[in-house]
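Engineer: the following block contains a protein sequence and its predicted model.
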Amino acid sequence: MPLPIRLILFPFLQSYDGTALSLRLLAAPQTDPTAAPAPGLTPFVATDFDFELRFVADLAQLPTSGAAATIVGQVSPAPPGAGAICAALNAQFGIDASIGPIDGRSGAPRIVKYAPPAYRRATGYGGENPFLLTDDSYQCALKAPVAPGTSVKVAPPVMSWGKVLAQVLRQPLLAEAIGLVRPFSVIAPAGIVAGGGWLFVTLRPASPWSALAGMPGALRSYAARIAPLTEPRALFTPVLFPVAAAPLPGVAWDDLFRESIEYDDGFAKAVYARQPPQADPLADDEGERPPEDRGIQLGWDDEQIVTWFNRQFDINADAPMGVMGYRIDVREAGTAAWESLVRARTAVTLGASNLGDAELDWRVEVAPNRLMGDAGNRSWLPSYMSAWTGPSLIGIDALVAQLRGLPAAAPVVQGLPPATLLRYGHSYEFRVRFNDLTGGGPAPAAEPRNGGPQPVAGIDFRRPVRPTGVAIDPQLPLDANPNAPPLSLTVSRPLLGYPACLMAGGSAAALLADIAPAMLAERAPGLPDPDVDQLEIVVEVATPEPGAASRYLPLYAVTRAYPASGPLTLAFAWTDVADARDLPAAPAGPLALPTSRTVRLRLTPLATARADYYVSEDVRRGETRLVAVRAPARDERELLVQGGGSLIEGFFLQPAEPASLAMMAARRAAGHGDELDDDPLGRLAAALDLDRKDRSLRARPGRRLTIGAGALLRQVVGPDGASLTFATANDMTRLWLVAVVLELRRDWSWDGLDYLRVERDGVEVGRIAASTSAGHEAAGDAERDSSTLIFLDAIDPKPAAGAFPRPLTPSYRITPVLRIAPAQQDAPLTASIVLPVTTPPAQVPKLVSAGLALSPYRRDPAYAASEERQTAVWLEFDRAPADPEDRYYARVLARAPDPVLTNEFEDVADIADVPLPVDPEPIRRVVPGQGDDRAGQGSLQMLMPTSSARHFLLPLPPGLTPGSLELFGFFTYEFRVGHFGIWSTAQGFAGRALRVGGIQHAPPPLACAVTRSRGRLTVSAAFAEPVRDGRSLRPATPVTDLWALLYARVHQADDADRRNILLGTRRLDPARRQQPGTAGVGGARAAADGMADWSSAEISAGLSLLTLGPDAPLSCLVVETLPGEVPYPDPLAAQLGYERFLRTSPLTEVPDIC
């Protein structure tokens, strides 16, 4: 609600010169100064005031309106032109004269401030004041988000005379021109001089406006405390005491007395300074260095200032704060004279009124601000109240205005640059003088009389700004252009912007001269950094290092000194090198750079080493400029070599045998999943010296791999080019996989390869794409001087329809295709390989007939004896092998003794088939130059060809001879068509089998032994003896019969040949017979021979019947027969043909009788 107050009188002491007391009176009208405040009164601007200065000499008592006082009258006429000035103000601001004085303390916020560490160190403050905080409340309030629904729209301000007059006070010339401020100088009463006292001002009775004294609350006076004036000195009124008929209740008088005493010299008591070394000017901890210098941050008397602010809003405390602003003085450490940083020149023209100009100390004001994200009802004072960067603290510096392109209009207040220069490496001291509401306060020459925790703040000013990035010429693209490799670079000193360039000793004129070039370059003006004298060059190469923070590997680092003036020229020596790490770091001269690599230069300016110049040594290192350059190689010979024992190798994989459910469950329980140890992919990985993971092939740890594959394989190459993933674990089976294994003899940073082209028989079958990354296996302590390249080509070995399988003879040509062709390059690599047939014959044998083939019958000329006839089983097939390179093969599956020849109760177990003994070949590996190893052919016997294309002889089983007793048995055979004239794998050697049982080879030969004496001729022979596993199965009584046939030799009638005439036959009896019931396996050994004899008389009688003499030559032979169920008494004569002949001995000559 409007207040009745119309005029307030504030006296502000200025100085005492030993006789006169200087003061400035603030006569503050509370209504429209151009209108009468009450009926019968004149307007403020037209009133000649008659003031009474009342000096109360008793400091022990509070001043009251009725206290005894020494009165000094002062007439103060109305300033000429005051009305015109107020009219001009009204015209300019559109003042609403209806708004009268109001009490703004109700609902006012709390004023708080954060006490930075610099203040706490200066004063030892520990957080006792509730308005001065030491926690992170201020940081939180700054970062707090704005509450939803908060409106940022601000209504246009409504200007009242109170607001306008408050602004008028900030311009001393204007304040005096309309009579707000009235300077006085009076002789100090003797009592005041001796013991101090009080001064307050009122209106002389019966003078203009004195009628206000009779109106309750219309006139208010406040008293200023006067210290004892023992000598000339500066005076200051920090707080004012209310003057009433009696002291007012609710006022903290002790605090007011203390403040009026401590600050009556007008100087701050706790000044602190800080140079922010980090980018965040409010942060207390170390952090990133600032991009520009923010100068020296200053603050002072935090506790007192925040207390004064909050007292203004205290309803119970009527003690106005007398401080409007602060005047900061500086001097370089070690000097005595102070210099004001707020010295300014002001010129005021308002309407038709020219108030002239003046040079005076201005002020720095501190005002609280509401933070939009702060939920509390509080306003914050800044952590630091001012900051000095070199120019005056008042107004916009002329240099700054020109640098920012601001118009050159003359400001109302122009700060004057101080003579003290802010330079790095220097130390400075600061003090703060208070400025009262009338613009008064201690002069720069004044000295503080009252002590404090830190009236003067000292600081060592050091450079916190790192040098910026260097400028290079020519400007290079972000991605290096290999077609235009630079031979040199011109590197200028980095630019240092304002104000750091001046703090480092730069010239303002040179900085102004850079404005035009800066506009063309679209940058801020700056000067070449005067502190930078060296350039650090780190040469790096791009590398596919897995898991590294940067993909660049440093090769070497050197430094080059800048010339005294001008830029630095860096010359490049492009070098073809297999390993970039072998390049030397030359201390001077051109930089050796590797070709066919993305080279990155880290250009870092280095400032001169100086003591006490930088906030830290890290400031010497400037911002690093990255420059990418590249040049193609001229010589890329010795690029590729075979990566192992052979350039190419062939692999043929068999599918994995299906695992049992129990095996898979056990593997899952062990954490191996469904991955088998010996599946095709695992075998291939082992053969190529790779690792496998699930269905992928990857390099072993410590190696870099780049892999590719042909289109026949269902596969995916990983994004890093270091893995090959198959659709299934059997996708690579039953195909010839030709692996091209190469070693790239360049370090990992080399990336001149575009791709590797692989051709088979002149047709491209695939590529290995160049990769700029590496698999994770390449991390760690891997050798980085080479890489492995693998290409898997797949060839289907199956012949075309209607064709027979033949070995494959692919020829490969491997050509590295470089991004830019060099002048010298190796010829493409070539290799050929022969891949054996893996497709077995499709033909299945079909047996038509079989029998025994006998060699021709041969005898001696005398027909006394004959040769043993060779016998073999002959086989007839429906047709010859379809493929001329194939043959018929046989294999014994099983054999067993002839059951006819064994005792009927002999227990002979079933005989199992023998598996085909060929190499399972889970993986077949072939290298160039390898010959036919006849794989698998040892598992079968090739049938012997005959003159007929369809007839073949069956050889005896391996290990048997014509005399082997195992031939007294039956054999089960399998017959297959197998490759013979071509190279094949073991698994691809033979086709499907035809199984035939009951094949019986010719029995072992039967030998006839003949002995003769004068009285007798004896014939002996061995009975058939079936065996099994080397054990005889012949019964004790042989099953077969042996018959001897005795012949007499005679001449043919024409004497052309000889003939044998049968003399007789006789059964051979076993040489030793067992008693009945004792025969059997495991009993006494069966008789080996049968024997029969003729007496000489019987022989002579037989010869005589044939009219032959007793000395006629004789021959004999033995026949072994297989009797049937009913034996025949003479199966060789009358019953010939009724019993089977098992075997017949050769004709044997009977020796003569000696």
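Structural biologist: Arrived safely, thanks for sending.
Engineer: for stretch 161-181, measure first residue to last.
Structural biologist: With Cα to Cα, to the nearest Å as the measure, stretch 161-181 spans 16 Å from end to end.
Engineer: identify each buried residue in that stretch, please.
Structural biologist: If you call a residue buried by 16 or more other Cβ atoms under 10 Å, then stretch 161-181 has these buried ones: 161-162, 164-165, 168-181. Yep, even glycine has a C-beta here, placed from its N, CA and C like the rest.
Engineer: among these, which are in helices?
Structural biologist: When DSSP state H is applied, the buried residues of stretch 161-181 are split such that Trp161, Gly162, Val164, Leu165, Val168, Pro172, Leu173, Leu174, Ala175, Glu176, Ala177 fall in helices.
Engineer: how close does the fifth one get to Ala769?
Structural biologist: When you say that, I think you mean Val168. The gap separating Val168 from Ala769 is 80 Å, by Cβ to Cβ, to the nearest Å.
Engineer: for the stretch 651-800 of the chain, what spans make up the helices?
Structural biologist: For the stretch 651-800 of the chain, helices defined by DSSP state H, counting those that start in this stretch occupy the ranges 661-669, 680-687.
Engineer: low pLDDT regions in the stretch 901-1050 of the chain?
Structural biologist: 903-914 (pLDDT under 70).
Engineer: how about a cut-off of 80?
Structural biologist: Residues of the stretch 901-1050 of the chain meeting the criterion pLDDT under 80: 903-915.
Engineer: where exactly do the strands run in it?
Structural biologist: 923-926, 941-942, 944-945, 951-954, 969-979, 990-999, 1009-1012, 1016-1022, 1027-1028, 1031-1032, 1041-1051 (DSSP state E, counting those that start in this stretch).
Engineer: now render those strands as a markdown table, adding mean neighbour count and distance to Gly100.
Structural biologist: Output for those, formatted as a markdown table (neighbours: other Cβ atoms under 10 Å; distance: least, Cβ to Cβ, whole Å):
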| stretch | mean neighbour count | distance to Gly100 |
| --- | --- | --- |
| strand 923-926 | 18 | 106 |
| strand 941-942 | 16 | 132 |
| strand 944-945 | 14 | 138 |
| strand 951-954 | 20 | 137 |
| strand 969-979 | 23 | 122 |
| strand 990-999 | 16 | 121 |
| strand 1009-1012 | 17 | 163 |
| strand 1016-1022 | 20 | 156 |
| strand 1027-1028 | 18 | 139 |
| strand 1031-1032 | 13 | 142 |
| strand 1041-1051 | 22 | 161 |
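Engineer: for those strands, give me JSON lines that also has distance to Leu371.
Structural biologist: Compiled in JSON lines, those are given as follows (distance: least, Cβ to Cβ, whole Å):
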{"stretch": "strand 923-926", "distance to Leu371": "75"}
{"stretch": "strand 941-942", "distance to Leu371": "102"}
{"stretch": "strand 944-945", "distance to Leu371": "108"}
{"stretch": "strand 951-954", "distance to Leu371": "108"}
{"stretch": "strand 969-979", "distance to Leu371": "93"}
{"stretch": "strand 990-999", "distance to Leu371": "92"}
{"stretch": "strand 1009-1012", "distance to Leu371": "132"}
{"stretch": "strand 1016-1022", "distance to Leu371": "125"}
{"stretch": "strand 1027-1028", "distance to Leu371": "109"}
{"stretch": "strand 1031-1032", "distance to Leu371": "111"}
{"stretch": "strand 1041-1051", "distance to Leu371": "131"}
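Engineer: picking up where we left off before, want to throw the ones in helices among the buried residues of stretch 161-181 into JSON lines with distance to Gln930?
Structural biologist: What follows is these, written out as JSON lines (distance: Cβ to Cβ, whole Å):
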{"residue": "Trp161", "distance to Gln930": "112"}
{"residue": "Gly162", "distance to Gln930": "109"}
{"residue": "Val164", "distance to Gln930": "108"}
{"residue": "Leu165", "distance to Gln930": "111"}
{"residue": "Val168", "distance to Gln930": "109"}
{"residue": "Pro172", "distance to Gln930": "109"}
{"residue": "Leu173", "distance to Gln930": "110"}
{"residue": "Leu174", "distance to Gln930": "109"}
{"residue": "Ala175", "distance to Gln930": "111"}
{"residue": "Glu176", "distance to Gln930": "115"}
{"residue": "Ala177", "distance to Gln930": "115"}
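Engineer: just the buried positions in stretch 585-598, please.
Structural biologist: Judged by neighbour count using 16+ other Cβ under 10 Å, the buried positions of stretch 585-598 are Leu591, Ala592, Leu593, Pro594, Thr595, Ser596, Arg597, Thr598.
Engineer: among those residues, which ones are in helices?
Structural biologist: Per DSSP H, the buried residues of stretch 585-598 never map to helices.
Engineer: among the residues you listed, which one lies nearest to Pro1113?
Structural biologist: Nearest to Pro1113 among the buried residues of stretch 585-598 is Ser596, at 101.7 Å by Cβ to Cβ.
Engineer: phi, psi of the closest one?
Structural biologist: Main-chain dihedrals, Ser596, degrees, to the nearest 10: phi 60, psi 30.
Engineer: excluding covalently adjacent residues, which one is nearest to it?
Structural biologist: Excluding its sequence neighbours, the residue lying closest to Ser596 (Cβ to Cβ, 6 or more residues apart in numbering) is Gly752, at 3.2 Å.
Engineer: I'd say the one you found and Ile820 touch.
Structural biologist: Yes: contact criterion Cβ atoms under 8 Å: Gly752 and Ile820 qualify, at 7.4 Å.
Engineer: more crowded one of those two?
Structural biologist: Just comparing Gly752 and Ile820: by other Cβ atoms under 10 Å the higher neighbour count belongs to Gly752, 20 against 15.
Engineer: helices and strands of this protein: which one bottoms out on pLDDT?
Structural biologist: helix 661-669 (a mean of 62; mean pLDDT, DSSP states H and E).
Engineer: thinking again about what came up before, TSV please, covering the buried residues of stretch 585-598 and showing distance to Arg976.
Structural biologist: Shown next, in TSV, are these (distance: Cβ to Cβ, whole Å):
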residue	distance to Arg976
Leu591	73
Ala592	69
Leu593	68
Pro594	62
Thr595	62
Ser596	58
Arg597	60
Thr598	62
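Engineer: fine, thanks again, bye for now.
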